[in-house]
Every structure is written in structure tokens, then in C-alpha cells.
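>>> sequence-free structure coming up:
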Ligand SMILES: Nc1ncnc2c1ncn2[C@@H]1O[C@H](COP(=O)(O)OP(=O)(O)OP(=O)(O)O)[C@@H](O)[C@H]1O
């Protein structure tokens with residue numbers, strides 16, 4: 001991969017690492033093996049079907065489509081690809097004019113290769129525009145194929161879904177993110193300790209874009225990646241602090257858990273920040289399975305209430321009280 005072998009240059013800080021290290025071959029995309037291998041087959045054999053790539057942000061959907069289009073079309077990329085994302089106007093007029101005109105355009109391509117229309121963030125297209133796409137997709141299917149990337153496939157209207165092969169992406173595992181971080185760390189000669197990378201992986205929560213951005217932000221700010229610097233830059237509740245709260249609940253020290261919570265709240269973290277970190281800590285906490293499931297259920301309910309607008313300190317204290325009660329009941333049983 002050309003881009004990942006580029007070492008730090010004097011103006012290397014000008015380019016966001018997410019762009020500098022964007023894989024340009026399908027084989028270089030980390031994780032989601034099933035999805036990536038399907039795309040590899042298409043890259044090898046051509047005859048790309050209409051595609052919907054759906055999944056959480058920062059998992060490589062746009063990167064995969066771009067890499068696939070490059071591999072399929074090579075030097076014809078410029079003429080044979082129309083790329084539209086949420087920053088472009090993609091209303092019904094664009095579908096009727098720009099996309100249709102592109103589909104009608106004559107481009108000489110090798111057999112089994114087609115022009116490609118890439119619609120990034122397709123779930124933000126109006127349903128009118130999506131409706132207008134239906135016929136265009138069919139009429140020009142002998143010369144033009146569509147690739148739609150979105151976070152939620154259900155926001156794509158059914159008739160379009162039925163015309164496309166769905167490729168699902170899921171959040172990347174910690175190991176997958178680590179493997180990519182190591183490539184960047186080595187290429188950029190970033191000084192780090194393993195706990196620093198662990199902290200980056202924790203804050204990224206399966207999102208590669210977030211991981212690379214946090215790595216670059218920590219490096220630019222402190223020139224050294226350790227746990228403390230990462231949490232300073234990312235400004236999330238410190239997981240050790242939250243872990244301590246859970247530990248106190250499990251030990252029956254409700255007051256200590258509450259004072260830990262108060263400290264976080266006084267530092268200015270929002271209830272959403274706190275509960276998101278709390279959920280992730282509980283998910284990975286070493287405790288009895290049934291207790292963990294109950295804790296996750298209660299945390300989920302409290303998160304829902306916070307999202308509904310009841311994001312008070314009392315809400316979080318109430319949650320700690322509920323968790324303590326769950327633990328007491330489980331102990332008594
Ligand atoms: N699976 C991956 N392997 C390697 N790098 C990745 C991967 N996923 C994301 N990245 C990195 O993160 C950046 C953003 O990825 P990309 O634009 O493909 O995300 P996306 O899934 O399309 O997200 P969104 O839904 O927000 O558009 C890329 O430039 C790349 O550097």
C-alpha cells in the first residue's frame with residue numbers, strides 16, 4: 001500500500017492521518033472479512049452489481065467503494081465515476097439531470113466493467129430523490145452501476161434495497177483497530193506506551209476514523225501517546241474512574257460510588273458522556289454473567305431516559321441505586 005509506507009514528512013501534520021492512511025486497495029481494508037472478501041471478488045471479476053454498503057461510521061464503507069472503483073476502472077476512474085456525497089446537492093433534480101446525464105454518457109470501458117455512481121451518505125437523500133433513482137438504475141443497468149453507502153440501510157427505500165446487493169459493515173474489533181494503529185504509529189514514528197494505544201482504542205469504540213484522529217490529536221498536542229494524554233485530548237470520563245464506581249457498587253459501597261459520580265459530574269461531563277462510558281465499562285467488566293446483563297439493562301433504560309431529556313445528576317444517582325439493588329437481590333438469591 002503506497003500511502004501507509006509514507007513516513008512522516010516535514011509537512012506531514014497538514015494532512016489528516018485518516019486521509020493519508022486511507023487504504024487504496026480493497027485488500028488493505030481491515031476487518032469485516034466477509035464484506036471485504038465479497039468486494040475482492042467483484043474487484044477481480046468485474047461486473048459489479050448495484051451495492052448498498054451499510055454500517056456504523058468510520059468502518060471503511062466509503063474507503064471500500066473508492067478502492068473498488070479504482071481497482072475496477074484504473075485509469076478510466078476520472079471519466080467513469082460520479083461521486084456525490086452529502087455535501088453535494090442530491091435532490092430530485094440532481095437525480096433527474098446530473099445522474100441521468102452521467103448514465104447516458106459514452107465511456108469506452110473493457111468488457112464486464114461499468115460506469116459507477118457513488119452515493120455516499122445515501123440515507124440522507126430525500127425519499128423523492130430515491131424514488132427518482134429507481135427507474136434510472138434499471139434503464140441504464142447495462143452501462144452504469146450504483147454504490148450507495150449509508151449508516152442505516154432501513155432509511156433507503158425498499159424498491160432501491162431490492163435492486164441492490166447489501167453489504168453490511170460492523171464496528172471494528174479492538175484487535176483490528178490496534179493492527180491499523182500500529183501501521184500508522186510506525187510510519188509516523190509516534191512515541192507511545194501500550195496503555196496509550198489501549199486508551200485510544202477505548203475512546204474510539206470500534207470507529208477507525210475516531211481512533212486515527214485521536215492518535216493524531218494526542219501526538220500533535222503532547223508528542224507522546226500515553227493514557228493520561230489521550231484522555232486529556234479526548235476529554236471523556238476516565239475509564240478507571242468509572243470502573244471504580246462499578247467496583248464500589250459491586251462491593252456495596254453505594255456512597256463511595258455516588259461521590260465518584262459527583263466528582264465526574266462536577267468536572268463538567270454530561271450525563272450522556274458518563275453513561276456511555278459506564279455502559280462500555282460494564283460490558284467489559286469481569287463479573288457474573290446474569291449480573292452483567294441486569295446492569296446493562298438498567299444502564300440502557302437510564303440512557304434512554306437521558307436521551308428523552310431527563311439528563312440530571314439525580315438520574316445517574318438513581319441508576320447507581322438501581323444497580324446496587326440488583327446486586328443486593330442477586331446476592332440474596
Ligand atoms: N476498515 C478500515 N481499514 C483501514 N482504515 C479504515 C477502515 N475504516 C476506516 N478507516 C480509516 O478511517 C477513515 C474513514 O473511513 P471511511 O470514510 O471509509 O468511513 P465510513 O465507514 O464511510 O464512515 P461514514 O459512515 O462516517 O461515512 C479512512 O480514511 C481510513 O483512514
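Everything's here; your move. Model, not experiment: these values are computed from the prediction.
>>> Spell out which residues of the stretch 1-150 of the chain are next to the ligand.
Within the stretch 1-150 of the chain, the positions adjacent to the ligand are 18-19, 21-23, 29-31, 57-63, 149 by Cβ under 6 Å from any ligand atom. Every residue, glycine included, has its C-beta placed from N, CA and C.
>>> if I look at residue 25, how far off is the ligand?
11 Å (Cβ to the nearest ligand atom, to the nearest Å).
>>> what residues are up against residue 34?
Residues near residue 34 by Cβ atoms under 8 Å, 6 or more residues apart in numbering: none.
>>> just checking, it is part of a helix?
Yes. Assessed with DSSP: H, G, I helix; E, B strand; the rest coil, residue 34 lies in a helix.
>>> Make a PyMOL selection of whichever of the residues of the stretch 1-150 of the chain next to the ligand turn out to be buried.
In PyMOL syntax, the buried subset of those is picked out as below (16 or more other Cβ atoms under 10 Å):
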select buried, resi 18+21+22+23+29+30+31+58+59+60+61+62+63+149
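>>> For residue 275, state which of the residues of the stretch 1-150 of the chain next to the ligand is nearest.
residue 57 (19.9 Å; Cβ to Cβ).
>>> close enough to count as contact, that closest one and residue 207?
Yes. Between residue 57 and residue 207 there is a contact under Cβ atoms under 8 Å: 5.9 Å.
>>> ok so, going back, which of the residues of the stretch 1-150 of the chain next to the ligand fall within strands?
residue 149 (DSSP state E).
>>> how close does residue 137 sit to the ligand?
21 Å.
>>> burial of that residue, as a residue count?
Burial of residue 137 is recorded as 19 neighbouring residues (other Cβ atoms under 10 Å).
>>> Report the buried residues of the strand or helix carrying it.
Taking DSSP states H and E as the definition, one finds residue 137 inside helix 127-139. For helix 127-139, the neighbour count (16+ other Cβ under 10 Å) marks 129-130, 132-133, 136-137 as buried.
>>> other SSEs contacting that helix?
Applying 3 or more Cβ pairs under 8 Å, 6 or more residues apart in numbering; DSSP states H and E, one finds that helix 127-139 contacts helix 92-94, helix 100-104, helix 158-163.
>>> Does residue 222 touch residue 233 like I think?
Yes. Shown here, residue 222 and residue 233 form a contact pair, counting by Cβ under 8 Å, at 7.5 Å.
>>> Which one's more surrounded, these two?
Legend: neighbour count by other Cβ under 10 Å for residue 222 and residue 233, higher for residue 233 (22 against 16).
>>> residues in contact with that one?
Residue 233 is in contact with 214, 217-218, 221-222, counting by Cβ under 8 Å, 6+ apart.
>>> try 6 Å this time
Neighbouring residues of residue 233 by Cβ atoms under 6 Å, 6 or more residues apart in numbering: 217-218, 221.
>>> chain center to the helix or strand harbouring it: distance?
Using DSSP H and E, residue 233 sits in helix 227-234. Taking Cα atoms, centre = their mean, to the nearest Å, one finds the center of helix 227-234 at 20 Å from the center of the full chain.
>>> And stretch 190-205, by the same measure?
Worked out by Cα atoms, centre = their mean, stretch 190-205 lies 17 Å from the chain centre.
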